[in-house]
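quick one: sequence and predicted model below, then my questions.
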Amino acid sequence: MKRVACVGILVADVMADPVASYPAPGELKRVNSVTLHNGGNAMTASINLCKMGVDAKMLGKVGNDMFGTYLKQCLDREGVDTRGLRVDEGTQTSVSLVMLEPGGERSFLHCVGTNAVLSIDDMDWSVLEETEMVFVTGSFLMDRFDGEETAAFLKKCKEMGKTTFLDVCWDAKGRWGELIDCNLPYIDYFMPSIDEAVRIAGCEDPDEIADVFMRKGVKNVVIKLGKKGAYLRLAGEEKGRFFPALGNVKRVDTTGAGDSFCSGFLAAYARGMDESFCVNFANTVGALCVTAKGATAGTRSYEETLEKMREFGGM
């Protein structure tokens with residue numbers, strides 16, 4: 001089985017549930033619970049992968065504070081290799097305040113923290129040498145690492161013979177393709193959500209989006225379509241394929257659903273499965289994610305997920 005390096009953001013999620021409306025200045029509104037969870041794209045992926053039996057390594061940065069200690073403990077508890085995790089003495093750990101609406105959707109207040117100061121100089125190449133797959137995730141929230149540093153990092157990973165995967169976050173600064181285009185020639189599997197893909201590519205149809213990405217160097221395109229499932233376009237194909245989302249899922253919390261989809265794709269790919277299977281398995285992992293509160297609480301073992309995949313009609 002292939003080993004995976006997850007490179008990117010870690011976030012402590014402080015979740016308030018439920019938040020039906022926001023208090024006016026000076027007012028107080030009560031909620032049923034305020035809980036602390038691990039989050040952030042790369043951290044979520046590394047934990048999910050370990051839960052599914054894949055050797056996962058986390059490369060990122062936290063602060064020397066209570067949130068950083070908590071995130072490190074979460075990684076250690078799940079068996080993630082944290083030799084590549086760096087501690088910054090001068091910057092606080094990234095934190096999100098997550099407002100969970102009664103229907104399961106969520107809104108965020110985000111402090112980018114140590115994710116903003118992560119750089120290529122923080123990368124432990126001895127850890128990366130032990131892996132076959134490299135997943136960079138959290139682009140647009142890593143102010144120093146984004147853009148040219150990510151491109152240089154991915155280029156070196158390709159020179160080392162790694163299979164590269166990349167996912168992005170929402171770009172609140174609106175740079176989109178301006179910042180990500182230099183990375184595309186070094187990406188084997190590009191895995192954005194449809195909303196992000198539309199803004200990066202400048203068009204709305206998934207096939208047209210894939211055309212743009214492939215012309216700029218991406219080998220394969222996977223687009224997360226939310227409730228509609230996922231889209232896959234492989235190198236050499238003129239058109240992509242759509243894979244419907246799984247039914248019969250009771251939604252509790254959508255936090256981490258996209259990251260869990262990516263985790264599922266990586267977990268199946270690490271076992272040598274073909275891409276169609278990987279997407280169906282990814283849809284299952286994403287569906288299970290929304291059945292529990294928090295980014296990783298709904299993730300099951302690989303074998304349990306296969307059973308759910310059959311139950312949900314995904315195979």
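Great, that's in hand.

Asp167 reaches Ala197, doesn't it?
No. Asp167 lies out of contact with Ala197 (C-beta atoms under 8 Å); the separation is 10.7 Å. No exception for glycine: its C-beta is placed from N, CA and C like everyone else's.

show me where the protein has its helices.
41-51, 66-78, 125-128, 148-159, 177-180, 194-201, 206-215, 257-270, 275-289, 302-311 (DSSP state H).

what is the burial count for Thr35?
13 (other C-beta atoms under 10 Å).

got it, and the one 5 residues further on?
For Gly40, the count of nearby residues is 30 (other C-beta under 10 Å).

touching, it and Met142? I think so.
No. The pair Gly40 / Met142 is not scored as a contact, 10.7 Å apart, by C-beta under 8 Å.

just to revisit the earlier point, can you tell which of the helices of the chain is closest to Phe243?
helix 275-289 (4.7 Å; C-beta to C-beta).

may I have the closest one exported as CSV, CA atoms only?
Extracted C-alpha coordinates of helix 275-289, given in CSV (Å, rounded to 0.1, in the frame of the first residue of the first chain):
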residue,chain,number,x,y,z
GLU,A,275,-10.1,6.2,-10.5
SER,A,276,-13.8,5.3,-11.0
PHE,A,277,-13.7,3.2,-7.8
CYS,A,278,-11.8,5.9,-6.0
VAL,A,279,-14.5,8.5,-6.8
ASN,A,280,-17.3,6.2,-5.7
PHE,A,281,-15.4,5.4,-2.5
ALA,A,282,-14.7,9.1,-2.0
ASN,A,283,-18.5,9.9,-2.3
THR,A,284,-19.1,7.3,0.4
VAL,A,285,-16.5,8.8,2.8
GLY,A,286,-17.9,12.3,2.2
ALA,A,287,-21.5,11.1,2.9
LEU,A,288,-20.4,9.4,6.1
CYS,A,289,-18.6,12.6,7.2
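
tell me what that helix is packed against?
Judged by 3 or more C-beta pairs under 8 Å, 6 or more residues apart in numbering; DSSP states H and E, helix 275-289 is in contact with strand 220-224, strand 230-233, strand 241-243, helix 257-270, helix 302-311.

once you drop chain neighbours, what's closest to Gly79?
Of all residues not flanking Gly79 in the chain, Cys50 sits nearest, at 4.7 Å (C-beta to C-beta, 6 or more residues apart in numbering).

I'd say the one you found and Glu78 touch.
Yes. Applying C-beta under 8 Å as the test, Cys50 and Glu78 come out as touching, 4.8 Å apart.

which of the two has more neighbours?
The neighbour count for Cys50 versus Glu78, taken as other C-beta under 10 Å, is higher for Cys50 (24 against 18).

for the more buried one, give me its contacts.
Counting by C-beta atoms under 8 Å, 6 or more residues apart in numbering, Cys50 touches Ala56, Glu78, Gly79, Val80.

by neighbour count, which of these wins?
In terms of neighbours by other C-beta under 10 Å, the contacts of Cys50 top out with Ala56 at 30 neighbours.

identify the residues contacting the closest residue in space to that one that isn't next to it in sequence.
Closest residue to Ala56 apart from its sequence neighbours, by C-beta to C-beta, 6+ apart: Leu49 at 3.8 Å. Contacts for Leu49 (C-beta under 8 Å, 6+ apart) come out as Val4, Cys6, Asp55, Ala56, Ser263, Leu266, Ala267, Ala270.

do that again at 7 Å, thanks
Val4, Ala56, Ser263, Leu266, Ala267 (C-beta atoms under 7 Å, 6 or more residues apart in numbering).

quick one: pLDDT of Lys250?
For Lys250, the pLDDT comes out at 64.

tell me where the model's unsure across the stretch 101-250 of the chain.
Scanning the stretch 101-250 of the chain for pLDDT under 70 picks out 247-250.

try 50 this time
For the stretch 101-250 of the chain, not a single residue meets the criterion pLDDT under 50.

that older thread, take the contacts of Cys50 and write them to TSV, including distance to Lys29 and pLDDT.
Shown next, in TSV, are these (distance: C-beta to C-beta, whole Å; pLDDT from 0 to 100):
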residue	distance to Lys29	pLDDT
Ala56	39	98
Glu78	34	96
Gly79	39	97
Val80	36	98
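
show me which of the residues you listed is closest to Asp211.
Of the contacts of Cys50, the one sitting nearest to Asp211 (C-beta to C-beta) turns out to be Ala56, at 32.6 Å.

contact partners for that closest one?
Val4, Cys6, Ser46, Leu49, Cys50, Val80, Asp81.

for it, list each beta-bridge partner.
Using DSSP bridges, the bridge partners assigned to Ala56 are Val4.

report the separation between it and Met43.
10 Å (C-beta to C-beta, to the nearest Å).

how about Pro244?
29 Å.

then Leu71?
In terms of C-beta to C-beta, Leu71 sits 7 Å off from Met43.

more crowded one of these two?
Met43 (32 against 25).

picking that back up, residues shared between the contacts of Gly40 and Met142?
With C-beta under 7 Å, 6+ apart as the test, Gly40 and Met142 both reach Ile9.
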